[in-house]
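Participant: A predicted structure for the sequence below; I have some questions about it.
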Protein chains: 10
Amino acid sequence: MNRLDVTEKIIATKLAKGLKWSDVAREVGLSKEWVTAGCLGQMTFDATQAATLARLFDLTEAETQWLQVVPYKGSLPTSVPTDPLIYRFYELVSVYGTTFKELIHEEFGDGIMSAIDFRMDLQREPDPKGDRVSIVMSGKFLPYKTY
Amino acid sequence: MNRLDVTEKIIATKLAKGLKWSDVAREVGLSKEWVTAGCLGQMTFDATQAATLARLFDLTEAETQWLQVVPYKGSLPTSVPTDPLIYRFYELVSVYGTTFKELIHEEFGDGIMSAIDFRMDLQREPDPKGDRVSIVMSGKFLPYKTY
Amino acid sequence: MNRLDVTEKIIATKLAKGLKWSDVAREVGLSKEWVTAGCLGQMTFDATQAATLARLFDLTEAETQWLQVVPYKGSLPTSVPTDPLIYRFYELVSVYGTTFKELIHEEFGDGIMSAIDFRMDLQREPDPKGDRVSIVMSGKFLPYKTY
Amino acid sequence: MNRLDVTEKIIATKLAKGLKWSDVAREVGLSKEWVTAGCLGQMTFDATQAATLARLFDLTEAETQWLQVVPYKGSLPTSVPTDPLIYRFYELVSVYGTTFKELIHEEFGDGIMSAIDFRMDLQREPDPKGDRVSIVMSGKFLPYKTY
Amino acid sequence: MNRLDVTEKIIATKLAKGLKWSDVAREVGLSKEWVTAGCLGQMTFDATQAATLARLFDLTEAETQWLQVVPYKGSLPTSVPTDPLIYRFYELVSVYGTTFKELIHEEFGDGIMSAIDFRMDLQREPDPKGDRVSIVMSGKFLPYKTY
Amino acid sequence: MNRLDVTEKIIATKLAKGLKWSDVAREVGLSKEWVTAGCLGQMTFDATQAATLARLFDLTEAETQWLQVVPYKGSLPTSVPTDPLIYRFYELVSVYGTTFKELIHEEFGDGIMSAIDFRMDLQREPDPKGDRVSIVMSGKFLPYKTY
Amino acid sequence: MNRLDVTEKIIATKLAKGLKWSDVAREVGLSKEWVTAGCLGQMTFDATQAATLARLFDLTEAETQWLQVVPYKGSLPTSVPTDPLIYRFYELVSVYGTTFKELIHEEFGDGIMSAIDFRMDLQREPDPKGDRVSIVMSGKFLPYKTY
Amino acid sequence: MNRLDVTEKIIATKLAKGLKWSDVAREVGLSKEWVTAGCLGQMTFDATQAATLARLFDLTEAETQWLQVVPYKGSLPTSVPTDPLIYRFYELVSVYGTTFKELIHEEFGDGIMSAIDFRMDLQREPDPKGDRVSIVMSGKFLPYKTY
Amino acid sequence: MNRLDVTEKIIATKLAKGLKWSDVAREVGLSKEWVTAGCLGQMTFDATQAATLARLFDLTEAETQWLQVVPYKGSLPTSVPTDPLIYRFYELVSVYGTTFKELIHEEFGDGIMSAIDFRMDLQREPDPKGDRVSIVMSGKFLPYKTY
Amino acid sequence: MNRLDVTEKIIATKLAKGLKWSDVAREVGLSKEWVTAGCLGQMTFDATQAATLARLFDLTEAETQWLQVVPYKGSLPTSVPTDPLIYRFYELVSVYGTTFKELIHEEFGDGIMSAIDFRMDLQREPDPKGDRVSIVMSGKFLPYKTY
């Protein structure tokens, strides 16, 4: 057994029980973004969080333990994603990548936006011309320092 | 001459004149995100916008014309970016890609967030533990329809 | 179990029962193009459609549920397809890609043809020199907008 | 000098003179799809066609000769295209590739749709919800035969 | 079960029974080249041919059905083959590829040699300095046409 | 200067002078297949052959010397060729690769068909249904030996 | 002109003048590791540092300006480096990558060692059996946090 | 059974028993870096070491034998690692690769730092601004010699 | 069952029985290099050799038959090997590849060293500074001939 | 100017002057293998060696200096070489890679054959059935040690 097996069981059980990620997140007591990422094998749960998930997804003790181990991260099977929804995010990096770079450097100097000290919030943005997906990302700026 | 030559001239002139992207955007009258992407060869300017840029960057008539031609988009030299700042965005797609997918489908059903009918805003988010980069993205949800 | 397992069962059952995609589509009440794509794991069915497919392909309840979950899309095992029939479509993108780009931009300006708000129709086109495959594609034009 | 140089000169001259592909096609007396593909270095012109293009684009004798040589085809710099407009066509091959395969085989048996004995027509399709791109493709079916 | 399973069973049974491809081809009544390709999962058999193969290789009814379904073609596990015998053919394409192109275009104009309307014959060519492999390929020339 | 420069000069001069590969081959006194491959930078000429080519293509002394140096071989810019004519040969390797392997091993045992001790002849094969390209390849069989 | 041109000039001038990286670092007043990385186009200098380098390497004003622009980082031409010295570091990541991961997680929990808030020191370590390269790396641990 | 199976059993048993790598290393009597790499399938154990691990991880005799066979090394599933922690080390090679090269050559001349005659030590480095990961690497310098 | 299964059984049995490749080779009566390559799935055994191996490795009749079938060759899982020992050989090809080419062409003219009519011998070369691996390779030179 | 420019000048001058690598090596006073590798940009010369080469190849002072700088090594343009002569060496690594590994480990235990403390000698081996290329490689065995 490995973490991938636990992820697949969570997905299948969620389907069978008709659960929603937002409900799972509420039970865990954290954001739907972080909890979903964790259930999909990208984050590490503590014992309490894992116990909640064990209850929701009928996990065995071993499966519950796996949720508390840091996983090998990266959720995509190919370096350029084929799924259209996910590809659009890749396309944003491709088209806007140098723009992110220029604007962050202009504002902050040399450094990066952390993908670790990071949080995000994804919401429906009602719009008469068709509702929109709104994503707010916040990552700590980490400067390169001289030494 | 091609669009890439114009992009390189803009970058070099910006450096020589000490211009900032936010100032360029103000002159053009649009967001710094869209204007920077355009100056970096990813968007198409209309005649008025191009004339403004010609003035700012001392462009020739031919160079100004190139700004009005739709470019071949994609700003990165490799499919997995090597630059650490840009890589972090790629990493977000890699780690959170399936999370984006699950949450958007849970909220909207099958479809995608458009990367075309899209806008974004990048700001400094002051924080006592270290300022953060805040990015607000908004893309129209486009549903797959049956036919 | 995952969606791929359901796809493989559908293909095997279709073979064993001697079904045709056009018949399946008629039962579902939609085009053969969309229904086939769905049966091959690229589209999401609603409960009624899934029930029809369950009847035709002897699916279990769990399998029927999987048909209603948005799949991870992309039907090909390699980024450049090896199958000669599918490669010819890839070749069209390779040879005519810049032509599509020039002509759509000339007619519509900067933007794309949607692959989401999209439909198509594939028919036999009788021809005395050898019948032809006729494909009519229709995708909404989505303009890049300034912001 | 090689064909690529001629292609780049044609693009630059088209821009400088404000020509449209549809006008170029009318002068040559063939479809805009084939003529554009040829001007972009993917098709071979005969002497008369090349002379017309030489007049329109101020080509030298050597450049005019290159238009009559069969080019090394393939118009894209990477095997997975980065440009969003062209990527959407790649995505159609990725998502619908196995569907094309199933439906053509169901109708015709084993074989392919030719990408050589092929023609296409790209038009604007007016639509109150937003105009659409309509593409009609027609390729001869070529059967595999036993021997 | 899928076509690959049938291919593997055919190979194992051929080994266990000590069959030769040339004998299999004689039973089927077609060339050893086409029949071998078919048994290796690259061609589609009709009902009579499949019945012959079922007898030779002890196939079940389901396996026999699979032989009559058009397979996803491409027999190699990597885009550049590692097997020395097969690599030599890849090397011929690499070294002589532009020569094939120049000579076919010189003789026929713009177009291709079909890999679909194609047949070939592989024979031993006795030679006192060491016998040779002789391969005669014949593919229909398909011209690009203007439209 | 390197061999590639000489190849490009040969191609341009051939175009400007209206030469044909078959005429060049006749002057050199060898097959059109070998001579074309050599002119395209894949074979090595001796002094006499190089002198003939120098006369035909107006080569300088240095250029003539380069023709006598063994080139770095491989005529294609990508490992999977994009040009449709050359791709068809790649497709034959992909589809028939394992068939070549099985039939050569059945006839000769373990070993390869040499791509070095190799010759080929490409001819037009008249056919009422459309002329065909006929290619006869002959390569020495080289057995693996035990040691 | 771009940053790469400045890097190449620095390397050529260093060679012509017989400078050593450790001397350059002493003039700049920082570690040889950071200064060398900067001179090789991977770090950003401030005005004073750039002025020092301009004096040492005879840089023009424009070249000196480029040193103060954040570069597109990544110093290697291929994703797997071919140079044996650099490959050995890649090999360490390949062989010890999962070990780094296990030990850092065991000590710190889920998170990463920063490659931005990072410093290192490379020294000769005398050893009777052959001197050794000693590298001390120090990177801030950045924890993933829940949100 | 192969070494990978043993690695997976070790990881699962370590989880079930709540062992720590540092404890395992103490039992084996070697550094935690080398022992962890070995348990993860990258190093070869002698009989005594293997016996200790067999006791700790409840290994069978066959599993214990596998620990004493030299493994096929390389611990990562892709050539560019997707896991953020491991990627940071890859990024260090990418950004600092040419710096390692320049400084080692400046100090030692042409040669490499051995990744075989190599040891390392990973420790927590307390820091009021946030603890750091400290890694000390020591590899023998191996000079290229003339011959 | 396929050849890979037989290879894995041989490796596991060799481990369980404590056999050495040199002993296996002595039993077969051929060099350790060729016999090892064959046992690892890269060469084809005759009936007598296979019977010897069947005895040594307790192979079934079907497994023994597989040893007499020409395998699909290529023993490495990735095109650039990750295992350090094997990578060093790849590095020799990378660093010395053009040197091999120049020296063989200087001595023999255009052609190759055969990897088929090839033998090699690997021995320990005692050396007071540390024993060395000595490999003697001998491959027939195969000249390109004109035709 | 960089090392590649010097390599190209050496190759062109060698051709123009009709020099042989073995003569160059005799002048330098070292083996033809090492000297050729150095002239092709893979090794570093000392001042005396560089002066000899400067005389032979009419190098400028700057070019002579470049010969004394450690180059970025790796002589091939693609990770899998296309040149048939060099590919055969790659094929040996592919086919015999695991055999090298097994036999070296059987003789020496865990470790590698150094590609740095390495020498080789390439000679013509007369043979009545066709002369052979003989290559003797000698690399120091470097053991992995525990720590």
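Facilitator: That came through fine. Residues are numbered from 1 along each chain as shown, chains lettered A, B, ... in the order given.

Participant: Pull out the buried positions in the host helix or strand of A:Ser138.
Facilitator: With elements taken from DSSP states H and E, the one containing A:Ser138 is strand A:132-143. Residues of strand A:132-143 classed as buried by neighbour count (16 or more other CB atoms under 10 Å in any protein chain shown): A:Arg132, A:Val133, A:Ser134, A:Ile135, A:Met137, A:Ser138, A:Gly139, A:Lys140, A:Phe141, A:Leu142. Using the backbone N, CA and C atoms, a C-beta is placed for each residue, glycine as well.

Participant: And the nearest residue to A:Leu59 once chain neighbours are set aside, what's its pLDDT?
Facilitator: Spatial nearest neighbour of A:Leu59, excluding adjacent residues (CB to CB, 6 or more residues apart in numbering or on different chains): A:Leu53 at 6.5 Å. In this model, A:Leu53 is scored at 98, pLDDT.

Participant: wait, doesn't A:Leu53 sit right on A:Gln65?
Facilitator: No: if you go by CB atoms under 8 Å, A:Leu53 and A:Gln65 don't touch, sitting 11.8 Å apart.

Participant: neighbour-wise, which of the two wins?
Facilitator: A:Leu53 (23 against 19; other CB atoms under 10 Å in any protein chain shown).

Participant: got a list of what the more buried one touches?
Facilitator: Shown in contact with A:Leu53 (CB atoms under 8 Å, 6 or more residues apart in numbering or on different chains): A:Ile10, A:Val24, A:Val28, A:Cys39, A:Phe45, A:Leu59, A:Thr64, A:Leu67.

Participant: Report all helices and strands that the one helix or strand A:Thr36 maps to contacts.
Facilitator: A:Thr36 belongs to helix A:32-39 when elements are defined using DSSP H and E. If contacts are counted by 3 or more CB pairs under 8 Å, 6 or more residues apart in numbering or on different chains; DSSP states H and E, helix A:32-39 sits against helix A:3-17, helix A:21-28, strand A:111-125, helix B:84-108.

Participant: ok, now with 7 Å
Facilitator: helix A:21-28, strand A:111-125, helix B:84-108 (3 or more CB pairs under 7 Å, 6 or more residues apart in numbering or on different chains; DSSP states H and E).

Participant: Just want the angle from that helix to helix A:21-28.
Facilitator: Counting by axes from the mean of the first three to the mean of the last three CA atoms, to 10 degrees, helix A:32-39 lies at 90 degrees to helix A:21-28.

Participant: List the buried residues in the helix or strand just after helix A:32-39.
Facilitator: On the C-terminal side of helix A:32-39, the closest following helix or strand by DSSP H and E is helix A:47-57. For helix A:47-57, the neighbour count (16+ other CB under 10 Å) marks A:Gln49, A:Ala50, A:Thr52, A:Leu53, A:Ala54, A:Leu56, A:Phe57 as buried.

Participant: and what of stretch A:118-132?
Facilitator: So stretch A:118-132, judged by 16+ other CB under 10 Å, has buried residues A:Phe118, A:Arg119, A:Met120, A:Leu122, A:Arg132.

Participant: Cool, thanks, talk later.
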